[in-house]
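Participant: take a look and give me a structure for this.
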Amino acid sequence: MPVREVLLLGNPLLRQKSQEVRDFSDAGFKQAQQDLKDTLPYLQSKYDIGRALAAPQIGHFLRLIYFRYDGHEYFMVNPRIVGHSARTFHVWDSCFSFGVAFFVNIKRWYEVTVEYFTPERDKKVVAVQGDTAELWQHEIDHLDGILATDHLEDPRQNIIMRQEWEKSGLKGGRRQPLIQYRNERGNF
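Facilitator: Next comes the predicted model:
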């Protein structure tokens, strides 16, 4: 059960695009799955936050994400967003690659449709909205070398340190109080 080190903001490897998984029986793919399963619970315990981890965050440059939250546990292999709503919303987001030291307020699509495979090669096409849509977008971005900070509209006003976030009363329901729903024209 080796826990892998998380690549942190500033490490150029985080900007690397991940490769599609082609051989689902490959030992490297199996190792990446195990490393994600070993590392995510450790990070969740350490930071008391977090719901997913993308393979490139721990040095496996494969299109693979592991989710563990609300009693659910699953992998996405080769995920891609195949549709999204015009409606957007703003959310405070952090990342294990930020050491969960700060949060950024960014805009995401309210609903996304994602096509992906399970490790057993089952193809899925799933539409989700709100909090889950934000999570899936965040993790898929990692596979393309994109970080939440890349979505900042105004870095002078849309960053908050974790200590201030905790003082604000958002801990435990971090997304609900500060979500701002908007349509494509920016109206609430």
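Participant: tell me where the chain has helices.
Facilitator: Applying DSSP state H to the chain gives helices spanning 27-47, 130-143, 162-167.
Participant: CSV for those, including mean pLDDT and mean neighbour count?
Facilitator: C-betas here are computed from N, CA, C, even on glycine. Output for these, formatted as CSV (pLDDT from 0 to 100; neighbours: other CB atoms under 10 Å):
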stretch, mean pLDDT, mean neighbour count
helix 27-47, 98, 16
helix 130-143, 98, 21
helix 162-167, 80, 14
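Participant: just put those helices in TSV and tack on distance to residue 111.
Facilitator: Shown next, in TSV, are those (distance: least, CB to CB, whole Å):
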stretch	distance to residue 111
helix 27-47	25
helix 130-143	6
helix 162-167	26
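Participant: list phi and psi for the nearest residue to residue 49 once chain neighbours are set aside.
Facilitator: Nearest residue to residue 49 in three dimensions, chain neighbours excluded: residue 100, at 5.9 Å (CB to CB, 6 or more residues apart in numbering). As for residue 100, its main-chain torsions (degrees, to the nearest 10) stand at phi 50, psi 40.
Participant: residues near residue 100, how many?
Facilitator: When neighbours are counted by other CB atoms under 10 Å, residue 100 registers 17.
Participant: could you report the pLDDT at the spatially closest residue to residue 110 that is not a sequence neighbour?
Facilitator: Sequence neighbours aside, residue 87 is the residue nearest to residue 110 in space, at 4.2 Å (criterion: CB to CB, 6+ apart). According to the prediction, residue 87 has pLDDT 98.
Participant: contact partners for residue 94?
Facilitator: With contact taken as CB atoms under 8 Å, 6 or more residues apart in numbering, residue 94 is in contact with 49, 100, 101, 102, 103, 104, 148, 162.
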